[in-house]
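Student: Quick one, fold the following:
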Amino acid sequence: MTGESQPGAQQRRQAGRPRATASVSATRFQPDGTGGWHLRTPAPVPDPPRAHRGVIDTSVVIDLEQLEAGQLPIELAVSAITMAELAAGPHATGDTDERARRQDRLQRPEAAFDPLPFDAEAARAHGRTYAAEVGSGRKARGTRALDLLIAATACGAGLPFSTRNPEDFESLLGLVDVVAA
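Tutor: The predicted structure is shown next:
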């Protein structure tokens, strides 16, 4: 006997319920408790909870005005290393308009933040972040060294680390909570 000739099959299809055959996806339909089937709608996935406090890296500071507040911790912290990067920025260009933009980019965070120091905890954390980076086959020198010092500041303070380029910090997963901003 096929599904077409079973008693009651016609009534179920007329009531808008699909037949329970191998052609019906088990992930789309589920029993409705009355002997019929209904389309299962996935439960909404809640947004991950926002951290109360977290360290933002230099890329986030630069793009801060363009980001949604929900992408960031409620209370923002910056590392003294980020402030050092921003302080060097105006001196790294010969273009006077760009120099003015970079100076503005420095002055706003200077007025808004009391930076986290690179302290003894951050120094110890840097040993771990450096080892993880080198262990992943990446170089931990040059401008990359500054990124690792900022991540070490977050790690040493036990805070999540928000960045615009989380893929650059994959080697640090497990050491510091890297969050895409």
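Student: Kindly list the single helix or strand of this protein that scores lowest on mean pLDDT.
Tutor: helix 9-14 (a mean of 44; mean pLDDT, DSSP states H and E).
Student: Leaving out sequence neighbours, find the closest residue to the most centrally placed residue in the chain.
Tutor: Nearest residue to the geometric centre of the chain (C-alpha atoms, centre = their mean): A180, 2.3 Å. Distance criterion C-beta to C-beta, 6 or more residues apart in numbering; nearest residue to A180, sequence neighbours excluded, is P166 at 4.4 Å. Using the backbone N, CA and C atoms, a C-beta is placed for each residue, glycine as well.
Student: can you pull the contacts of that neighbour?
Tutor: By C-beta atoms under 8 Å, 6 or more residues apart in numbering, the contact set of P166 is V178, V179, A180.
Student: try 10 Å
Tutor: With contacts defined as C-beta atoms under 10 Å, 6 or more residues apart in numbering, the neighbours of P166 are D57, L172, L173, V178, V179, A180, A181.
Student: What about those, which are in strands?
Tutor: V178, V179, A180 (DSSP state E).
Student: which among those gets closest to A100?
Tutor: The closest of the ones in strands among the contacts of P166 to A100 turns out to be A180 (C-beta to C-beta; 30.2 Å).
Student: pLDDT wise, what is the closest one at?
Tutor: Note for A180: predicted pLDDT of 93.
Student: partners of it in the sheet?
Tutor: With DSSP bridges as the criterion, A180 is bridged to T163.
Student: Number of residues surrounding A88?
Tutor: 12 (other C-beta atoms under 10 Å).
Student: Surely it touches R99?
Tutor: No. With contact defined as C-beta atoms under 10 Å, A88 does not reach R99; the gap is 11.8 Å.
Student: And T58, how far from G135?
Tutor: Look at T58 and G135: by C-beta to C-beta, to the nearest Å, they are 24 Å apart.
Student: So these two - more neighbours on which side?
Tutor: The residue with more neighbours, out of T58 and G135, is T58; 23 against 10, by other C-beta under 10 Å.
Student: gap between that one and Y130?
Tutor: Distance from T58 to Y130, by C-beta to C-beta: 18 Å.
Student: Which helix or strand contains L76?
Tutor: Counting by DSSP states H and E, the element that carries L76 is strand 75-77.
Student: Of the ones in strands among the contacts of P166, just say which sits nearest to R141.
Tutor: Distances from R141 to the ones in strands among the contacts of P166, taken by C-beta to C-beta, are shortest for V178, at 20.3 Å.
Student: So the closest one versus P117, what's the distance?
Tutor: 21 Å.
Student: More neighbours: which of those two?
Tutor: Higher neighbour count among V178 and P117: V178, with 22 against 14, using other C-beta under 10 Å.
Student: Contact partners for that one?
Tutor: 57, 151, 154, 160-163, 165-172.
Student: Alright, I will stop here.
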